[in-house]
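Enquirer: build me a model:
(2 chains, ligands or ions: 2)
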Amino acid sequence: MSVLEIKNLHVNVETDQGTREILRGVDLVINKGEIHAIMGPNGSGKSTLAYTIAGHPKYTVVQGEILLDGENVLEMTVDERARAGLFLAMQYPVEIPGVTVTNFLRTAKTAIDGTAPSVRTWVKDVRESMTNLKMDKAFAERNVNEGFSGGEKKRNEILQLELLKPNFAVLDETDSGLDVDALKIVSEGVNRAMANTSLGVLLITHYTRILRYIKPDFVHVFVAGRIAEQGGPELADRLEEEGYDRYQVAESAAAGE
Amino acid sequence: MTSTAMPTAEQHGLVAHTDGAFVPVQTRSERFRSVNVDDFEPVNGREHEWKLSPVAAFADLTAGELDGSRPTIETTLRQAQDGADVPGVAISWIDRTDARIGSAGIPEERASANAWSTFGESLLVSVTGEDEKVAVITRSGLGTAPRAAHTVIEAAPFSRALIVLRGTGDARLSENVEILVGEGASLTVVSLQEWSDDSVHLASQFARLGRDSFLKHIVVSLGGKVVRVNPSTHLAEQGADVEALGLYFADAGQHLEQQVFVHHDAPHTKSRVTYKGALQGAGARSVWIGDVLIGPKATGTDSYEQNRNLVLTDGTRADSVPNLEIETGDIEGAGHASATGRFDDEQLFYLMARGIREDEARRLVVRGFLTEIVQKIGSPELEERLIAALEAELQGN
Ligand SMILES: Nc1ncnc2c1ncn2[C@@H]1O[C@H](COP(=O)(O)OP(=O)(O)OP(=O)(O)O)[C@@H](O)[C@H]1O
Ligand SMILES: [Mg+2]
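Expert: Ligands and ions are numbered 1, 2, ... in the order given. Have a look, this model is predicted:
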């Protein structure tokens, strides 16, 4: 049984104004096959957690650890983490001029698997996933994310999730900016990936609406760089009604002491 | 290149220009011109047209005697399919007194005038016929002695073709190329520099575009110690349209330069200038100067020029200087952009987060950056060859 463990994670970022502490002791255990939703207000550090798991060089881990089946993830380079089975669907996917989606997908697949995929099945797999995600064939020959709408970029992230078959996926606000149809399509993609490979998912979101389509096993409320409360799916409903005020008041009271 | 979340503005060599930041040194239309080398003062390297060039490396071409004899070039014509001669593209030699010579433009600097004063005969590439065709003219083995050359490419009214003028092997060459695009013609000219490591090549290219004609002009500089290709386009008649593209990859010790000039001189003319370069290795050097002149007759002009440089290692220098002169109030649009940037770390992160190793990710990004130009050439065969050549550059030859 594969497991991703985050222990007492403290993360700083260098800003023009100096060093800022963003994550202040995050603890989280995700088993393969589980869906964990992380919900929290803007600026609470959700993307920071996602990027830190993926190994973005901007974020410095000052304390704590991240373990994948006991292996120290923090010692791995970004590409090693991906090859070890971690995947990050980004909140703002990057445009790569001059690199076609086809070329990019094949290069990534080859890197992850260690060998080039067999041409026939690969082309079929790509086509099938694109059809499932209602992506036009023309996207295959377009440059990665270049000129894609917000929703198209998110579909492209899920396309990669389906094709690269990671063990753990962090989805950073994959739902934001999607209309209802696109939200369904993207959610179905995640659910398909769950069904096919029973991956572990860390689903970062602002809104409960995606949780109608992707059923979380656990919900974590993220406030001011740490998990303020956790519970089951019912916690999401409560957040929808009450918002985060309760936690933020508690947080600022704590900070004021 | 702009980088998104990871600012690199503090890094050496990074400059971004925005519109309106430049005042031309001198009105381009008033620049001195002559076909006679003696009308130019000896080059000292402080002249505006030479000040970014390593003039000492080619004094023989600006001041010395040149061999103006018909060069022993091999002219290979190819059609994509069968290798036979291309119908509609004729190659011949014409006398220097031919009326076409000087009809597209004349020298603005001494190396160009030196070549003009010495060349014996001119190569003539004559394009006729409305069907699409490709011809590759390869010049190799020009030798290490200083030479002059002259070429006229003439596209008859309504004709179409893609002409590649390619240089390989050794050369110390100063030359002029005239491109005459007839009314309604659609011509692509690729100037492909794949010279040997010690070669020096100074070229002035002058294009004159007739009414409603289209020229796609592409300068690809990969090989040579000093390569300076300066294309000027005279949009002389109504509706003329130029797409000027450039691609260069400067390695250690290499100087690759291009001074691009577009003269809008008739109503409703259009220009798009896009040059992209990568620099890698100690002493890799590139210069791009883009002058656009919108003359008083050029109402309804639509113009945009840009230069982007990707700096891959320390110790390189990229100069990028756009100039825009507007002499009429009534234009549709004119703009320029220039940026020299480090590798975009966000792109690198994205690719690596998909398991791709750093060196391969870098290659993908650089290749992607440059292939934007390659993709616009319009000849799959040539595009493939250029991608292979870029691949070789990326592997460090
Ligand atoms: N590179 C950076 N430079 C400066 N500040 C940063 C940087 N990255 C993150 N921060 C700051 O850290 C805090 C947390 O940011 P983060 O992006 O992790 O929040 P988030 O919870 O994902 O917010 P959102 O819901 O808006 O996506 C914010 O205050 C943000 O401004
Ligand atoms: Mg975020």
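Enquirer: contacts only, for whichever residue of the stretch 201-350 of chain B sits closest to chain A.
Expert: Of all residues in the stretch 201-350 of chain B, residue B:350 sits closest to chain A, with a separation of 4.1 Å (CB to the nearest CB). Every C-beta, even on glycine, is put in place using the N, C-alpha and C of the backbone. Listed by CB atoms under 8 Å, 6 or more residues apart in numbering or on different chains, the contact set of residue B:350 reads A:90, A:93, A:94, A:96.
Enquirer: excluding chain neighbours, what is closest to the first one?
Expert: Which is residue A:90. Spatial nearest neighbour of residue A:90, excluding adjacent residues (CB to CB, 6 or more residues apart in numbering or on different chains): residue A:172 at 5.9 Å.
Enquirer: ok, the second one next?
Expert: Of all residues not flanking residue A:93 in the chain, residue A:153 sits nearest, at 4.5 Å (CB to CB, 6+ apart).
Enquirer: show me what the longest helix that chain A contains is packed up against.
Expert: The single longest helix within chain A, with elements called by DSSP state H, is helix A:180-197. On a contact count with 3 or more CB pairs under 8 Å, 6 or more residues apart in numbering or on different chains; DSSP states H and E, helix A:180-197 meets helix A:119-132, helix A:150-164, strand A:168-172, strand A:200-205.
Enquirer: could you look up the SS state of the residue in chain A that ligand 2 sits nearest to?
Expert: Distances between chain A and ligand 2 by CB to the ion are smallest at residue A:47, namely 3.1 Å. Secondary structure, DSSP: H, G, I helix; E, B strand; the rest coil: residue A:47 is helix.
Enquirer: who are the contact partners of it?
Expert: By CB under 8 Å, 6+ apart, residue A:47 lies in contact with A:91, A:172, A:173, A:204.
Enquirer: residue A:170 is in contact with the last one, correct?
Expert: What that stands for is residue A:204. Yes. Here residue A:204 reaches residue A:170: they are 7.0 Å apart, a contact under CB atoms under 8 Å.
Enquirer: between those two, which is the more surrounded one?
Expert: Taking other CB atoms under 10 Å in any protein chain shown, residue A:204 and residue A:170 do not tie; residue A:170 has more neighbours (28 against 24).
Enquirer: quick revisit: could you dump the helices and strands packed on helix A:180-197 to TSV with mean pLDDT?
Expert: Listed next are those as TSV, based on pLDDT from 0 to 100:
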stretch	mean pLDDT
helix A:119-132	94
helix A:150-164	96
strand A:168-172	97
strand A:200-205	96
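Enquirer: now residue 116: closest residue in space that isn't a chain neighbour?
Expert: The chain I'm using is chain A. Of all residues not flanking residue A:116 in the chain, residue A:110 sits nearest, at 4.7 Å (CB to CB, 6+ apart).
Enquirer: hm, I was asking about chain B
Expert: According to CB to CB, 6+ apart, the nearest residue to residue B:116 is residue B:35 (4.8 Å).
Enquirer: thinking that neighbour is in contact with residue B:117, fair?
Expert: Yes. Using CB under 8 Å, residue B:35 is in contact with residue B:117, at 7.0 Å.
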